[in-house]
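Visitor: Here's my sequence, what's the structure:
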Amino acid sequence: MSLPPLVEPADELTVDEVRRYSRHLIIPDVGMAGQKRLKNAKVLVVGAGGLGSPALLYLAAAGVGTLGIIDFDEVDESNLQRQVIHGQSDIGKPKAESARESIEEINPYVSVNLHKERLDSDNALEIFRGYDLVLDGTDNFATRYLVNDACVLLNIPYVWGSIFRFDGQVSVFWNEHGPQYRDLYPEPPPPGMVPSCAEGGVLGVLCASIGSVMVNEAIKLITGIGDPLVGRLMIFDALEMSWKTVKVRKDPEGEPITELIDYEEFCGAVSDDAEQAAQGSTITAGELKEKMDKGEDFYLVDVREKHEYEIVNIPGAVLIPKGEFLSGEAFGKLPQDKQVVLHCKSGARSAEALAALKGAGFSDAVHVGGGVLGWVNQVDPSLPSY
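Guide: Numbers count the residues shown, from 1 in each chain. Got it, this is the predicted structure:
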């Protein structure tokens, strides 16, 4: 489905801009008119992380005149495996600032707007209003629903990308011309069912594959060329090296979006059972260390996966993955005469396992809020984090 150009062309290109964009200008479908539209475009990128990094670099190189960046996080060493817009010297620097510096180095003709705050229901509409198009490469459902709903209310097209391990997905949601994100995912998955990239990992180069497709879609929308992925979901398998496209249709029974809501509550970081189980049964990493130093007799269980345990682990912890707690297989492996203490990477998975454990009668069990990352930060900084 071809669509009219999203943006009117700028008045002119300078001589320097003509030199810079000459390889675009000699493509008949782009030409001077298309490049002027790119110059006049205002594109907002949500997140300067795995997908935002290549997207911002290629949007800037393509000559998109105004780029907005929403990111409140700082560059961490673990980001550098895939977030190519940042470098070693940027560790500890706000991602938005680091990204702007890279963009300015690539294309000084691009204007960059920084939004160094957490995107939420209170500021989303105000921020989005200044842009023609939104690209979202975040890795959590709450932000995706928020971005979608804000774009629907403002009638802005939304280019969405998602990555996990070796798999990627891309689509374009535009309620005026086709489906929106809620037509693909009417309801968020149960809390804890879908791990984030921080929990499950991602092949670094996959970010470039999916991020470049997202930019390709943005350029098509801005210039009015080609057939955008409106109403289609593109799925990439990097191991099989296969691309396939499936149709996405509007849900005729979908509820109209009239306002922004509390998306953290809508998606839930953890289930209600896990939240209830954790109340009064959560200890800190420091408190775990105190229990060890006092010689208390308890059974420490790591509910992460084997490959995570091999990266870093708390001394004395026995590995029993969360899935075994949810299936009930773990209960026969646990002592009946000791308190069971659970931990994971950050606390979410151990809370889910704790709910199952308490449901099986282990009433005095607790979990470590902050998980192994809390242990590294509070107890033993010599250990690696991931």
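Visitor: Every contact and neighbour count from this point should use C-alpha atoms.
Guide: Will do.
Visitor: Do I have it right that Ala277 meets Ala351?
Guide: Yes. Taking CA atoms under 8 Å as the definition, Ala277 is a contact partner of Ala351 at 7.1 Å.
Visitor: neighbour-wise, which of those two wins?
Guide: Ala351 (32 against 24; other CA atoms under 10 Å).
Visitor: So the more buried one: helix, strand or coil?
Guide: Following DSSP: H, G, I helix; E, B strand; the rest coil, Ala351 is assigned to helix.
Visitor: Can you give me the pLDDT of the residue lying closest to it once chain neighbours are set aside?
Guide: Once flanking residues are discounted, Ala351 sits nearest to Ala274: 5.1 Å by CA to CA, 6 or more residues apart in numbering. With respect to pLDDT, Ala274 scores 88.
Visitor: Mind giving me the packing neighbours of the helix or strand hosting Ala274?
Guide: Using DSSP states H and E, Ala274 falls within helix 272-278. For helix 272-278, the packing partners by 3 or more CA pairs under 8 Å, 6 or more residues apart in numbering; DSSP states H and E come out as helix 348-359.
Visitor: Give me the distance between the helix or strand that the helix it packs on is followed by and the centre of its chain.
Guide: Moving toward the C-terminus from helix 348-359, the next helix or strand (DSSP H and E) is strand 366-368. Relative to its chain's centre, strand 366-368 lies at 27 Å (CA atoms, centre = their mean, to the nearest Å).
Visitor: and the next helix-or-strand element following strand 366-368, which residues are buried?
Guide: Next helix or strand after strand 366-368 toward the C-terminus (DSSP H and E): helix 371-378. By neighbour count with 16 or more other CA atoms under 10 Å, helix 371-378 contains the buried residues 371-377.
Visitor: what's the answer for stretch 169-180, then?
Guide: 169-175, 178-180.
Visitor: and what of stretch 281-296?
Guide: Buried, per 16+ other CA under 10 Å, within stretch 281-296: 281-285, 288.
Visitor: With pLDDT, distance to Glu117 and secondary structure as new columns, can those be given to me in JSON lines?
Guide: Below are these laid out as JSON lines (pLDDT from 0 to 100; distance: CA to CA, whole Å; DSSP: H, G, I helix; E, B strand; the rest coil):
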{"residue": "Ser281", "pLDDT": "96", "distance to Glu117": "32", "secondary structure": "coil"}
{"residue": "Thr282", "pLDDT": "97", "distance to Glu117": "29", "secondary structure": "strand"}
{"residue": "Ile283", "pLDDT": "96", "distance to Glu117": "30", "secondary structure": "strand"}
{"residue": "Thr284", "pLDDT": "96", "distance to Glu117": "28", "secondary structure": "coil"}
{"residue": "Ala285", "pLDDT": "96", "distance to Glu117": "29", "secondary structure": "helix"}
{"residue": "Leu288", "pLDDT": "97", "distance to Glu117": "33", "secondary structure": "helix"}
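Visitor: Throw these into JSON lines and include distance to Leu67, thanks.
Guide: Output for the buried residues of stretch 281-296, formatted as JSON lines (distance: CA to CA, whole Å):
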{"residue": "Ser281", "distance to Leu67": "46"}
{"residue": "Thr282", "distance to Leu67": "43"}
{"residue": "Ile283", "distance to Leu67": "43"}
{"residue": "Thr284", "distance to Leu67": "41"}
{"residue": "Ala285", "distance to Leu67": "41"}
{"residue": "Leu288", "distance to Leu67": "46"}
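Visitor: farthest pair in the buried residues of stretch 169-180?
Guide: Spatially, the most separated pair among these is Gln169 and Asn175, at 19.0 Å (CA to CA).
Visitor: quick one, phi/psi of Asp73?
Guide: phi -90, psi 170 (degrees, to the nearest 10).
Visitor: got it, and Lys247?
Guide: Note on Lys247: backbone dihedrals following degrees, to the nearest 10 are phi -80, psi 140.
Visitor: which residues does it contact?
Guide: 231-233 (CA atoms under 8 Å, 6 or more residues apart in numbering).
Visitor: swap in Ser350?
Guide: Here Ser350 is in contact with 303, 322, 342-344, 367-368 (criterion: CA under 8 Å, 6+ apart).
Visitor: pLDDT wise, what is it at?
Guide: Looking at Ser350, its pLDDT reads 95.
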